[in-house]
Structure formats: structure tokens, C-alpha cells
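*Asks:* Starting from these lines, generate the structure:
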Amino acid sequence: MKTTTFLTFVGDQCGKAEEAINFYTSIFPNGKIKSIIKYSKGEAGGTPELIKYGVFTLNGTDYMVSESNYDHAWSFTPAVSIFISDNSDDLIQTLFEKLSSNGGQIMVPLDSYKGEGDYGFGKRFGWCEDKYGISWQFLLSE
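*Replies:* Take a look at the predicted model:
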């Protein structure tokens, strides 16, 4: 059995999936787009500009992606996030800054713990949402 995160871009994010995966694969080590299949003309759920099904990888982990122009009653939520753990402070800092900037938002600032706000599971922790609505958590591991 294999489990994979599946990201569905709907509502205001519909039409931004290809931009998002190009962005993610450009900033993560070993990021790569494996496949993109677009909707056929007249096919239900999308138009030829939209991704029907795609797969990309970030540092060896596959993510599936699709987008739909149907009127869905849901979108991305911070309750589900992609968790990044690494022992490189520079890498954590760089990824956090790139993902939280240009329309993203910081939900928990990435900062060194000094007893205040310590979540108890690492030297540095931060949580942000990127401009596409995807939430990311970061942990500087020891």
C-alpha cells in the first residue's frame, strides 16, 4: 500500500496548480514534475488549460494534483499541512521565507525558542500558508 497527498485546486485557486507546482519544484531540493495531464476540450470538470491529473515530487515524496472549475463548497485548510523537518537552519529559513512571502501568510513565526511559545518538539518551529492556500509547518530538527 502507498499513501500520497492529493492537492485539489478549486475556487479562487483553480487555474493556479501548474504555477504552484512549478514554484514548489523550483525551491525544494530534488523537486521535479513527473507528469501533467490536462483536460480535453469539452471534458467535464475542467478546460484544456487546467490540470486534470499531475504528479510532482519534493525531495523524494510524491504529491498528486488536480484542479476543477466546479463550484465546490471547500478548498484548502490549515488543518491539513505539509510538514517539513530538516537539520539545516538555512534550508528551513529559506523555504519558510519563500513560501510565506508574495501573498502568503505567517501563522506561527519561525523563531528560535527562548521558553516562550515553545511547542516542545524542536529548536525552531514555524507555520505558514503560501499564496496558493497550502499550509506548511517547519521544524528544525536536532
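*Asks:* tell me which residues of the least confident helix or strand in the chain by mean pLDDT are tucked away?
*Replies:* Taking mean pLDDT, DSSP states H and E as the measure, strand 105-112 is the helix or strand of the chain with the lowest mean score, a mean of 85. Buried residues in strand 105-112, defined by neighbour count with 16 or more other C-beta atoms under 10 Å: L110. For every residue, glycine as well, the C-beta is placed using N, CA and C.
*Asks:* Can you show me the CA trace of the helix or strand just after it as CSV?
*Replies:* Where DSSP states H and E defines the elements, the next helix or strand beyond strand 105-112 is strand 124-129. Taking Å, rounded to 0.1, in the frame of the first residue of the first chain, the C-alpha atoms of strand 124-129 are listed here in CSV:
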residue,chain,number,x,y,z
ARG,A,124,12.8,26.1,15.7
PHE,A,125,9.2,25.8,14.5
GLY,A,126,7.1,27.8,12.2
TRP,A,127,3.8,27.5,10.3
CYS,A,128,2.8,29.4,7.2
GLU,A,129,0.3,29.4,4.3
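*Asks:* partners of strand 124-129 in the sheet?
*Replies:* Partners of strand 124-129 in the sheet, by DSSP bridges, are strand 105-112 (antiparallel), strand 135-140 (antiparallel).
*Asks:* Which residues outside the least confident helix or strand of the chain are in contact with it?
*Replies:* 78, 92-93, 96, 100, 117, 123-129, 135, 138 (C-beta atoms under 8 Å, 6 or more residues apart in numbering).
*Asks:* From N22, how far out is F28?
*Replies:* 12 Å (C-beta to C-beta, to the nearest Å).
*Asks:* where does T57 land in three-state SS?
*Replies:* strand (DSSP: H, G, I helix; E, B strand; the rest coil).
*Asks:* Can I have the buried ones of the contacts of strand 105-112 as a ChimeraX selection?
*Replies:* Of the contacts of strand 105-112, the buried ones can be selected in ChimeraX as follows, counting by 16+ other C-beta under 10 Å:
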select :92,96,100,124,125,126,127,128,129,135,138
